[in-house]
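*Asks:* sequence and predicted model, in that order:
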Amino acid sequence: MPDRADWAYSSALMTKARPLTRHIISINDLSNKEIETIFEVAQGFLKELADPNVPYRIGHSTDIAAKSILASLFYEPSTRTRLSFESAMLRLGGANITSADPTVSSAAKGESLADTIRVISNYSDVVVIRHPRDGAARLAAEYSQVPVINGGDGAHEHPTQTLCDLFTLRSKKKSLKNMKVAISGDLKGSRTIHSFVYALARFGATIDPLPAPGMELPGHVDRRLREEFHCRMVSKDPGQPNGGSIDALYVTADQPHQLSLYSDPETDYGPLLQKKTDAVYVTRFQKERWAEKDRPYPKIDAKFLGEAKYSDASVMHPLPRVNELDASLDTDRRAVYFQQAAYGVPVRMALISLLLHLHKNNSLHQFHGGFAEPSFPVYMQPIGTGFSCDNPNCITVDPAERQYAANKFYLVDEDARQRCALRCVYCEKDIESDASVQFVIADATRKTFAPDLAALMRLPSDKLKHHIIYRNAADALAAGFEPRDGARKAHAG
Amino acid sequence: MPDRADWAYSSALMTKARPLTRHIISINDLSNKEIETIFEVAQGFLKELADPNVPYRIGHSTDIAAKSILASLFYEPSTRTRLSFESAMLRLGGANITSADPTVSSAAKGESLADTIRVISNYSDVVVIRHPRDGAARLAAEYSQVPVINGGDGAHEHPTQTLCDLFTLRSKKKSLKNMKVAISGDLKGSRTIHSFVYALARFGATIDPLPAPGMELPGHVDRRLREEFHCRMVSKDPGQPNGGSIDALYVTADQPHQLSLYSDPETDYGPLLQKKTDAVYVTRFQKERWAEKDRPYPKIDAKFLGEAKYSDASVMHPLPRVNELDASLDTDRRAVYFQQAAYGVPVRMALISLLLHLHKNNSLHQFHGGFAEPSFPVYMQPIGTGFSCDNPNCITVDPAERQYAANKFYLVDEDARQRCALRCVYCEKDIESDASVQFVIADATRKTFAPDLAALMRLPSDKLKHHIIYRNAADALAAGFEPRDGARKAHAG
Amino acid sequence: MPDRADWAYSSALMTKARPLTRHIISINDLSNKEIETIFEVAQGFLKELADPNVPYRIGHSTDIAAKSILASLFYEPSTRTRLSFESAMLRLGGANITSADPTVSSAAKGESLADTIRVISNYSDVVVIRHPRDGAARLAAEYSQVPVINGGDGAHEHPTQTLCDLFTLRSKKKSLKNMKVAISGDLKGSRTIHSFVYALARFGATIDPLPAPGMELPGHVDRRLREEFHCRMVSKDPGQPNGGSIDALYVTADQPHQLSLYSDPETDYGPLLQKKTDAVYVTRFQKERWAEKDRPYPKIDAKFLGEAKYSDASVMHPLPRVNELDASLDTDRRAVYFQQAAYGVPVRMALISLLLHLHKNNSLHQFHGGFAEPSFPVYMQPIGTGFSCDNPNCITVDPAERQYAANKFYLVDEDARQRCALRCVYCEKDIESDASVQFVIADATRKTFAPDLAALMRLPSDKLKHHIIYRNAADALAAGFEPRDGARKAHAG
């Protein structure tokens, strides 16, 4: 049986951030309007940085962040993300402290991320973190006293890269509305892609997936696009308008709440199918996230881009590239990937300065606790009890973090399919009952359990905390609960 | 025979620091009054940093160190020590240069620490160094032109951690006087503990050692506590008031010079034994300093702290922790370890700014050569001659440093026991004659030697330099000296 | 057949630097007058840094580089070069961003240097790069939008070390003219030596090579000294005035253009041979550039320096040292090596501030494209075609860079010997026709080739680009060219 004292501890985690702190973990932590605010501010910084009247960029930066400190906490290799954040902070007049090699830090002595961030957030005014585990940035933010920016967490998200991507598109195409964007390569392992497709959907784009074999968008990203971001699947083959085909586009409904989730056979998608592609977004094989290092991978080159539909397509890449984007494209007028990288400085200057309230008339809304209001009820189990996220790369299952990370899930009610699922608050992977997982709900007050995840969703929030989810009846029995019918059966723990 | 020219070289080492430089190698380099001065200054910085009227800490820091440079030279993993020093320097308005990975520095090419520091101290105004060797910070300081702060040297000391610890205790308990502090864990390998117990004794605390099995305080630390810091051993068992028991407290005499070194059977220690513990100081197993990595180790948790005597005990830890301090204590009102870490910034701001003479009315006394006046005569042998420190982790026996580190010893006269010993000036380990070491003293003028370490202590300082200590007669013979009786015996070199 | 579109791409590389950018890749990128300008500015900074009226160096630095950013990009171990650059930038009032460990950067993901620099140069105002490959700094500069300073590239050059060396000599000897300098150790692998000897020759010094066995100056450095820097070889044995002896000095002609390249038997070199040595320059065994790690190596010690001719010789070393320079010399009045290191800050302050145009009355001439006008015609082949540099450590043959580095050569016309050779623009190694290399020139217009490198040199620059050099006839045939006589022979590709 879990110790009831743990409840208090777990709750404490939710409230230790300063009331006025705001964290950027996912691109979905920013509203469309906030993204536009960031871009307006970034545009001003860009103008200063690029002033052609000054031979170098000396004297361009402002001093608005004077005496502020950015802590860079990088547990994975990085050049451009870290250095562009640090350059941005310096251009704002601020300063940096850096821990860029986990082998020379306290992590080498076995320290948890939760402990590290509690300490580092006392040394700085804002933290940017990169970590190999999905959900690590969220865990860090929960323990931080200052704003945390996700600089890339496992295969989860990389929201500031998406800000640079959108800013580049906006500069090229004037508007983010009604674009058609092809995304090529490792759609599964690339966190950059995941943040990017959410944003594209939210700004009304059509997404054309061109995955490497076996590297399609992860199931939970695909489902969120369709079920939460109002994308419809439309076959690229005009004879097959329905979304049943694998070879389909994600089409964003213009007025999402008035449309059904699936494509309407009456709608004429012909013009959309014929529309030229506005951008081809290429991403490298994320080999650090795959066991098999040698796999077939598409290469984007002049021949590929020779198709008429790509004649005005901006060629984008988050960099670094390896071989998937041909060097001969570097002088092609459509190539914008070095611009994307260069925009990292003004865009991150804007984000940092807005998080630090350095602009009089602009700022990001402040949430209590620092996180955006969740769209689904949040269920949190006492640390060390009940069902843990089944994503083996989730930060919550890292042995060093297990005593600091509660098993915390959104209760996702997918009404279109009448299903319900848990979505890990950290890595945002969805988990449904299936052959290996047969959720049961234990009632801590009555010390019984029953196999009814849907029932949990109907409970008011204040009752949620008295219930614990177990993977199956055997786990609940082992934890000391009895089946609701009262007859305890002989299961092995 | 040693070359006499070496004398000149060795002496030069003593005077190359600027006259007004001051180094902080041991907590004992600071007087109690100086520690109080540091805390007063730190209190002022803390007030600025924590001003609740400002949402973040922007604008709090001063500019008193503008244009000054701190060099961080870290040869061992660190997050909090390095980043809190760097944050402190930035908060003061200064800047940092950092070498945090020995594998990417000149050390990788085989450079000695002595050479590195002579160079780096030209690039900066103050240096903080962390090194795996005991005594490394002292050696670095001897070659530095600017103040050197010990950020942890092997198992020797970590004085700035102790300043943070004392500042935390002072904040919690109002005064550093008459405290009772339990210290748990690896008392042998933890440099933090060594600096801490000296300071506790100096401020009149009672120390309750709770070592992991086989990890008691090192013999030389225990002896210094008793013989130099005026601690008396008092059995925790009221029926056994004498200090003979292993299970004993270190009790600091209030007026040390008027008391004998050993406990007075007439004294009533009852009230002391019943006094509640003011703080429990927990430290991790320093596995990098032990060959056997898997050893039994105490875990401090709610159950341990449930004892009545700990009901008001502040729970302290220098961090990082691994498993020795239960995460469930994080929300316990007695936990102060994250506060300890947070105080790293104002305390280090105070220390740096005082070392750099940035306060008009406060400053640390400046010693000639940068080191506190030694309490014992210093004996220094020409480099490469005579007896070397027998601590295998001492910086002086590192092959890369041997031509830069003189064999230099305090002549410790332990009058209570009528013994004499050498104490290495670098690692501060005591070495006495025993079965394997039978010191003999060679007289460089007369070219003879005799087995009389005690006689050396009676020599005036200016005569010391004409004598060389050898481990035994065989070594002295091998070096070309003859026994004082004139009869050269046939010993193998 | 090479794709003609590649020409456009290759040319683009030449013009992407800003018109007003200036790169420092070789010491020969600076004229003697420019070097004197740097030293004048450095002297001013030195005076400020060393002002004895201020206890530390606080307040000395200027703010002329406020808000400018130096990017340190170090792919090889470094302490002093990186930290002295960073200290210099801070002393100027600027700031730094640092990538000092290739294993934690994008290079770990397989990114090319060309891509990295295109990104990083957007984040900074000036870049210093160290890299294990010869010629890497040049390649980086070609892709950079801001000035690139070579902080050491393979065994090629280390021009800022040479600036420190010359500044030290100038401080000691008042003038750089007519000095006699011995250079000891690994003259082959030491990039420091290569930059240094060019500078010595240009300032009229006599160079006395004292190589470790098998570590003589590389052939192409020796040849450049003789054929381009107007050195004559003079035997150290007065009976053998001619330059035929291995044991010879490099003597710089005072009026180089009026003298023949080889020594005149009529000249009396006696006074020169008897002249005392002004400086002994010692360098460590560059073991990272040698397969065999254990080789005999000269050690410079008091005995060596006891010779009368060294009685006033400054002892120099670029540091780090290992064992080749005895520690006992540290207090010798002739030792200046720590001074050399200390001068790193004012000299680099001067160079950075001049590159950034921060002085009103002084600045370095700006070349279009950022590079000094080449003294020989430049021949550039389309990327991926023709003959590549045969130096296996040249950056152009690094697999990660091959699609970014054109095969680009100076056409060196060594008229004294009526030979011609290619000199790689990146690593500056000379390549001549020999048993294994029988250059042929393919004419892209006519699709034929002929074995006549010399003919290429007679072509006007605008015709050069229509010709491709191949290693031999077989390679040209394999690329689709035919012998000029029209009869295609059966060669394997």
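*Replies:* Arrived safely. Residues are numbered from 1 along each chain as shown, chains lettered A, B, ... in the order given.

*Asks:* can you count the residues close to the residue of the stretch 151-300 of chain A found nearest chain B?
*Replies:* In the stretch 151-300 of chain A, the residue that lies nearest chain B is A:G151 (16.8 Å; CB to the nearest CB). (C-beta placed from N, C-alpha, C; glycine too.) By other CB atoms under 10 Å in any protein chain shown, the residues close to A:G151 number 27.

*Asks:* quick one: residues contacting it.
*Replies:* Residues near A:G151 by CB atoms under 8 Å, 6 or more residues apart in numbering or on different chains: A:S72, A:F74, A:S78, A:T81, A:R82, A:F85, A:V128, A:I129, A:R130, A:A137, A:H158, A:T160.

*Asks:* repeat that for 7 Å
*Replies:* With contacts taken as CB atoms under 7 Å, 6 or more residues apart in numbering or on different chains, A:G151 has the following neighbours: A:T81, A:F85, A:V128, A:I129, A:R130, A:T160.

*Asks:* and these, which two are furthest apart?
*Replies:* Spatially, the most separated pair among the contacts of A:G151 is A:I129 and A:T160, at 11.4 Å (CB to CB).

*Asks:* quick one on the thing from earlier: so the nearest residue to the residue of the stretch 151-300 of chain A closest to chain B once chain neighbours are set aside, which of the three states?
*Replies:* With sequence-adjacent residues excluded and distances taken as CB to CB, 6 or more residues apart in numbering or on different chains, A:G151 is closest to A:R130, at 4.1 Å. Taken by DSSP: H, G, I helix; E, B strand; the rest coil, the conformation at A:R130 corresponds to strand.

*Asks:* what pairs with A:R130 across the strands?
*Replies:* Beta-bridge pairing for A:R130 (DSSP bridges): A:F74.

*Asks:* all the helices of chain A, residue numbers only.
*Replies:* Using DSSP state H, the helices assigned to chain A run over residues A:5-15, A:32-49, A:80-91, A:113-120, A:136-142, A:159-173, A:191-202, A:219-227, A:270-274, A:337-342, A:344-355, A:453-458, A:461-464, A:473-478.

*Asks:* name the nearest residue to the residue most central in space within chain A, ignoring sequence neighbours.
*Replies:* Of all residues in chain A, the one closest to the mean position by CA atoms, centre = their mean is A:E157, 3.0 Å from it. Excluding the flanking residues, the one nearest A:E157 by CB to CB, 6+ apart is A:S195, at 4.4 Å.

*Asks:* picking that back up, tell me the contacts of the residue nearest to A:G151?
*Replies:* A:F74, A:Y75, A:E76, A:S78, A:T81, A:G151, A:G152.

*Asks:* cool, and A:V126?
*Replies:* Counting by CB under 7 Å, 6+ apart, A:V126 has contacts A:L70, A:V146, A:P147, A:I149, A:I352, A:L355, A:L356.

*Asks:* rerun that using 8 Å as the cut-off
*Replies:* Contacts for A:V126 (CB under 8 Å, 6+ apart) come out as A:S68, A:I69, A:L70, A:A71, A:V146, A:P147, A:V148, A:I149, A:I352, A:L355, A:L356, B:Y56.

*Asks:* Serialize those residues to a markdown table and add fields for neighbour count and distance to B:A479.
*Replies:* Shown next, in a markdown table, are the contacts of A:V126 (neighbours: other CB atoms under 10 Å in any protein chain shown; distance: CB to CB, whole Å):
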| residue | neighbour count | distance to B:A479 |
| --- | --- | --- |
| A:S68 | 27 | 61 |
| A:I69 | 26 | 56 |
| A:L70 | 26 | 58 |
| A:A71 | 26 | 55 |
| A:V146 | 27 | 62 |
| A:P147 | 28 | 65 |
| A:V148 | 30 | 63 |
| A:I149 | 25 | 64 |
| A:I352 | 26 | 65 |
| A:L355 | 23 | 68 |
| A:L356 | 23 | 66 |
| B:Y56 | 21 | 65 |
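
*Asks:* shaky segments in the stretch 201-350 of chain A?
*Replies:* A:238-246, A:253-266 (pLDDT under 70).
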